[in-house]
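*Asks:* Give me a 3D structure for the following:
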Amino acid sequence: MPDFLAVDTSSKYLTVLAVKGQRTILHHLEECAMRHSVMLMDEIDRALGEAGLSPDECDFFAAVTGPGSFTGIRIGLSTIKGFCLAMQKPGLGVTSFDLIAYNVAENAPFGVAIDAMHGNYYFAAYNADGAQFISPCYLSGGQVESYGLSLYGFEDLPLKNYKKLNAGDCLQRAVLTALANGGSGLHALYVRKSQAEEARVDHS
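*Replies:* Purely as a prediction, here's the structure:
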């Protein structure tokens, strides 16, 4: 088991995971919207201390890269990139889709849905073996349901055939699976432009 620190600030919750050998410390705060920047470092310090893990002992650092809260994603990525640079250790990115998909036990194709506000969703679909066959996209609720797939996510969503998983419980397995699969870099996954960017386009 590698030693590592992972964070997820992609939604209204906050998750910090510190793993040292067989010791796993997980801090998952359900309601942290707009407070990630204030709370993240304190939670990291607590988790590292409880795990008996120092940053220089980590084999790598990981963060959930989105999609989700634009501000939250930037906070998590910048923090983890800071650890990577300071400790000269590699970084690992895990998308919000893979956070869920790597924890689904489904013997059939399934979809992952993430709230994009105003009745729209970020969506991706996977085969039973975990291979993605619909790339991340931005759809209405009706379009998501039209695929007729079992749906999974980490929020309370008004979608048919939908099951909510606990994002905190999903993080460790998602990180380790991403690591085994070669992982991805610490690059934010934005399926659509932010509201500020869209507003600039509308007024240009």
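
*Asks:* contacts and neighbour counts: CA atoms only from here.
*Replies:* Fine.

*Asks:* give me the low-pLDDT residue ranges for the chain?
*Replies:* Screening the chain residue by residue with the criterion pLDDT under 70, one finds the ranges 193-204.

*Asks:* Sheet partners, orientation included, of the strand ranked longest in it?
*Replies:* Selection of the longest strand in the chain by residue count, based on DSSP state E, yields strand 132-140. Using DSSP bridges, the strands paired with strand 132-140 are strand 120-126 (antiparallel).

*Asks:* Can you list the neighbours in contact with the strand it pairs with?
*Replies:* For strand 120-126, the surrounding residues in contact (C-alpha atoms under 8 Å, 6 or more residues apart in numbering) are 67, 97, 101, 109-116, 132-141, 144, 191.

*Asks:* Just the buried ones out of these, please.
*Replies:* Members of those that pass the buried threshold by neighbour count (16 or more other C-alpha atoms under 10 Å) are listed as 67, 97, 101, 109-116, 132, 136, 138-141, 144, 191.

*Asks:* For Tyr162, which non-adjacent residue is closest in space?
*Replies:* In space, and not counting its chain neighbours, Tyr162 is closest to Leu151: 4.5 Å by C-alpha to C-alpha, 6 or more residues apart in numbering.

*Asks:* Within the helices and strands, which one has the one you found?
*Replies:* Per DSSP states H and E: Leu151 is located in strand 150-153.

*Asks:* starting at the chain centroid, how far to that strand?
*Replies:* Relative to the mean C-alpha coordinate of its chain, strand 150-153 is positioned 15 Å out (C-alpha atoms, centre = their mean, to the nearest Å).

*Asks:* and what of stretch 179-193?
*Replies:* Averaged over its C-alpha atoms, stretch 179-193 has a centre that lies 9 Å from its chain's centre (C-alpha atoms, centre = their mean).

*Asks:* coming back round to it: is it true that the residue nearest to Tyr162 touches Leu157?
*Replies:* No. In this structure Leu151 lies outside contact range of Leu157 using C-alpha atoms under 8 Å: 10.0 Å.

*Asks:* Give me the more crowded residue out of the two.
*Replies:* Set Leu151 next to Leu157 and count neighbours by other C-alpha atoms under 10 Å: Leu151 wins out with 24 against 18.

*Asks:* which residues touch that one?
*Replies:* Phe110, Gly111, Val112, Ala113, Leu159, Lys160, Asn161, Tyr162, Lys163.

*Asks:* Excluding sequence neighbours, find me the nearest residue to the second one.
*Replies:* Counting by C-alpha to C-alpha, 6+ apart, the nearest residue to Gly111 once its immediate chain neighbours are dropped is Ala125, at 4.1 Å.

*Asks:* Please parse this protein into its domains.
*Replies:* What automatic domain parsing lists as the domains of the chain is 4-97+166-203, 106-164.

*Asks:* okay, those, which one's buried deepest?
*Replies:* Relative to the other members of those, domain 4-97+166-203 carries the highest mean neighbour count by mean count of other C-alpha atoms under 10 Å, namely a mean of 19.
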